[in-house]
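>>> Sequence isn't available, so here's the structure alone:
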């Protein structure tokens, strides 16, 4: 008797909606031969009217794109797509928003002649790499529950076109702020954890 095997899992990441850069995010896991699979997630969020404060600066009109690409290996005697797995993930995120901040003018040697409050655009590109471990359980042959945690690092590239920022460009700076918005290149250790719900599609 032919028993159909799962080929794809369509997934939804509910916690991405409460992230510091919230998105509505869906993914697709493609089950390869053996214990391997590939997973791709895409998310988007646009918050025109929300206004909030980070690091003492006002932010509004935020737009977020997020992509997570993953190679996954199910371990031991795990019966893919259920069981314990390890994975390598590449994260890309683009965040655009408007910001109002006080910037130094005519600065040299860490000193500025005067300060000015300016509204301008901030463009943040985030590239991250994570090694993950997780577990996926199946309910009634169709519903998948996917839990994971991971560790890695990420680079954050911040540009502020139109700001006229005369301050120092921060290059490869170890991140001390929770959410850097000054222009520069930042690096930090990154922890990753989450939960997804999925729906299995079977081969005929």
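Cool, the structure landed. All of these numbers come straight from a predicted model, not from anything done at the bench.
>>> what sits up against stretch 135-143?
Residues from elsewhere that reach stretch 135-143 (Cβ atoms under 8 Å, 6 or more residues apart in numbering): 81-85, 144-148, 197-200. Yep, even glycine has a C-beta here, placed from its N, CA and C like the rest.
>>> Apply 10 Å and report the result again.
4, 6, 9, 11, 29, 37, 72, 74-75, 78-85, 144-148, 196-202 (Cβ atoms under 10 Å, 6 or more residues apart in numbering).
>>> Let's test this: mean pLDDT of it, rounded?
Averaging pLDDT along stretch 135-143 gives 91.
>>> Tell me how many other residues surround residue 129.
The tally of other residues near residue 129 (other Cβ atoms under 10 Å) stands at 14.
>>> Then the one 4 residues further on?
When counting by other Cβ under 10 Å, one arrives at 14 neighbours for residue 133.
>>> list the contacts for the residue nearest to residue 201 when sequence neighbours are not counted?
The shortest distance from residue 201 to any non-neighbouring residue, by Cβ to Cβ, 6 or more residues apart in numbering, is to residue 8 (4.4 Å). Residues near residue 8 by Cβ under 10 Å, 6+ apart: 28-31, 37, 81, 198-203.
>>> Going by distance to residue 184, which of the residues you listed wins?
Nearest to residue 184 among these, counting by Cβ to Cβ, is residue 28 at 34.8 Å.
>>> so who does the closest one touch?
8-11, 38-42, 198, 201.
>>> repeat that for 8 Å
Residue 28 touches 8-11, 39-41, counting by Cβ under 8 Å, 6+ apart.
>>> Give the pairing partners of the longest strand anywhere in the chain; include direction for each.
Once the chain is assigned using DSSP state E, the strand that runs over the most residues is strand 111-139. Strand 111-139 has these partner strands in its sheet, going by DSSP bridges: strand 83-108 (antiparallel), strand 143-159 (antiparallel).
>>> Just the buried residues of the first one, please?
Along strand 83-108, the positions that meet the burial threshold by neighbour count (16 or more other Cβ atoms under 10 Å) are 83, 85, 87, 89, 91, 93, 95, 97, 99, 101, 103-104, 107.
>>> before we move on, what about the last one?
The neighbour-count criterion (16+ other Cβ under 10 Å) identifies 144, 146, 148, 150, 152, 154-156, 158 as the buried residues of strand 143-159.
>>> got it, and stretch 66-78?
For stretch 66-78, burial by neighbour count (16+ other Cβ under 10 Å) applies to 66, 68, 70, 72, 74.
>>> pLDDT weak spots in this protein?
Counting by pLDDT under 70, the chain contains low-confidence residues at 1-4, 49-57, 78, 165-178.
>>> How far does the helix or strand hosting the residue nearest to residue 201 sit from its chain's centre?
Here residue 8 sits within strand 6-12, counting by DSSP states H and E. Chain-centre distance of strand 6-12: 20 Å, with Cα atoms, centre = their mean, to the nearest Å.
>>> Any chance of CSV for the strands paired with strand 111-139, columns distance to residue 47?
Formatted as CSV, those follow (distance: least, Cβ to Cβ, whole Å):
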stretch, distance to residue 47
strand 83-108, 9
strand 143-159, 19
